[in-house]
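Participant: What follows is a predicted structure for the sequence shown.
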Amino acid sequence: MAVNGNPTVRRRRLGAELRWLRLARGLTSTQVAEHLLISQPKMSHLENGRRAIKPRDVRDLCALYQVTDMRVVDALMRMATEADRQGWWTACGEVPYAVYIGLETEAASIRSYEPQLIPGLLQTPAYANAVLAETIPQATAELIAVRREVRLRRQHRAHHPARPLRLSVVLDESVLRRVVGSPAIMREQLEFLNHLGAQPHVTVQVLPHEAGAHPGVTGQFSVLDFPDRVDGTVYLERFTSDLYLEKRSDVQHYGVMYENLQAQALDPEHTRRFITRAAEQLPAAAPPPGRQ
């Protein structure tokens, strides 16, 4: 997947619309490629969003597909223009998961399994700062500050009052037991997690250790779903190079895996009680010097 300001989803949406228009006219991609004097592989790349398409090419395709409604033509040409616009995160400098942010920004819902840490969209500032400081080797204060700013700004989309991102998260019990930063930071994070889990667009479930082996033992994954008939994407986070799976069979496979994890996890109400107990079991803060 190309990294170029991450208009990936917009391109895919545009390509999908053009593909449906082509199919409605009963044309093959080879026939259209010959008409445009381009190769069939290039035509396929245009329709699957892997290559940018210019507004005038969109206009020519609409003419070939006999699209007479100029509102449709104008909308598709506008999508082609917007597809190459840079995302807000590019102004923050180099962000290793920029492709994912582009996908997350356009997603309608995300289903995630997390075995180690609270997901970035649900982190408190203190927890996020501790995670970044403790997981990036030789991280500078400036780098941590930039990464934290990006992470917290992503949360604006997750909790947008007009169109909040639907979040469904299954957390392994280890996420609650691993003290990140300090007991005080962890306690604040768990209380915040319970607060978010009570929101109508957020579902949090805990998979207790007693569940034994389960489909998520191989590691973290997220399934992102998009509006307007665009197929989903599976995101697999890795330390140096993340993976993105877009084949429909892969997306369906991970969707089934997530359903199985949800079935084995505690329901949201029992999860809130479990998280409350985990917070209460954290060690108390050490008394100030001289007051022991």
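Facilitator: Okay, I see it. What you see is a predicted model; the values in this text were computed from it and never measured.
Participant: Doesn't Leu27 belong to a helix?
Facilitator: No: under DSSP: H, G, I helix; E, B strand; the rest coil, Leu27 falls outside any helix and is assigned coil.
Participant: Distance check, it against Trp20.
Facilitator: Going from Leu27 to Trp20 by Cβ to Cβ, to the nearest Å gives 12 Å. Yep, even glycine has a C-beta here, placed from its N, CA and C like the rest.
Participant: What separation is there between the residue lying closest to Pro125 once chain neighbours are set aside and Val169?
Facilitator: Leaving aside its sequence neighbours, Pro125 sits nearest to Leu152 (Cβ to Cβ, 6 or more residues apart in numbering; 6.2 Å). As judged by Cβ to Cβ, Leu152 and Val169 stand 18 Å apart.
Participant: Equivalent analysis for Gln66, please.
Facilitator: Relative to Val169, and taking Cβ to Cβ, Gln66 is found at 46 Å.
Participant: Compare these two (neighbour count), which wins?
Facilitator: Val169 (25 against 9; other Cβ atoms under 10 Å).
Participant: Check the offset of the strand or helix carrying the more buried one from the chain's centre.
Facilitator: Secondary-structure assignment from DSSP states H and E places Val169 in strand 166-172. A distance of 12 Å separates the centroid of the chain from that of strand 166-172, by Cα atoms, centre = their mean, to the nearest Å.
Participant: before we move on, what about stretch 160-169?
Facilitator: That offset, for stretch 160-169, works out to 12 Å (Cα atoms, centre = their mean).
Participant: try stretch 148-159
Facilitator: Counting by Cα atoms, centre = their mean, stretch 148-159 comes out at 12 Å from the chain centroid.
Participant: Alpha carbons of that stretch, as PDB, please.
Facilitator: Coordinates of the C-alpha atoms in stretch 148-159 are reproduced here as PDB (Å, rounded to 0.1, in the frame of the first residue of the first chain):
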ATOM      1  CA  ARG A 148       1.800  11.700  21.900                       C
ATOM      2  CA  GLU A 149       0.300  14.700  20.100                       C
ATOM      3  CA  VAL A 150      -0.600  12.600  17.100                       C
ATOM      4  CA  ARG A 151      -2.000   9.800  19.300                       C
ATOM      5  CA  LEU A 152      -4.200  12.200  21.300                       C
ATOM      6  CA  ARG A 153      -5.400  14.000  18.200                       C
ATOM      7  CA  ARG A 154      -6.500  10.700  16.700                       C
ATOM      8  CA  GLN A 155      -8.900  10.500  19.600                       C
ATOM      9  CA  HIS A 156     -10.900  13.500  18.300                       C
ATOM     10  CA  ARG A 157     -12.100  11.300  15.500                       C
ATOM     11  CA  ALA A 158     -13.000   8.500  17.800                       C
ATOM     12  CA  HIS A 159     -15.200  10.700  19.900                       C
END
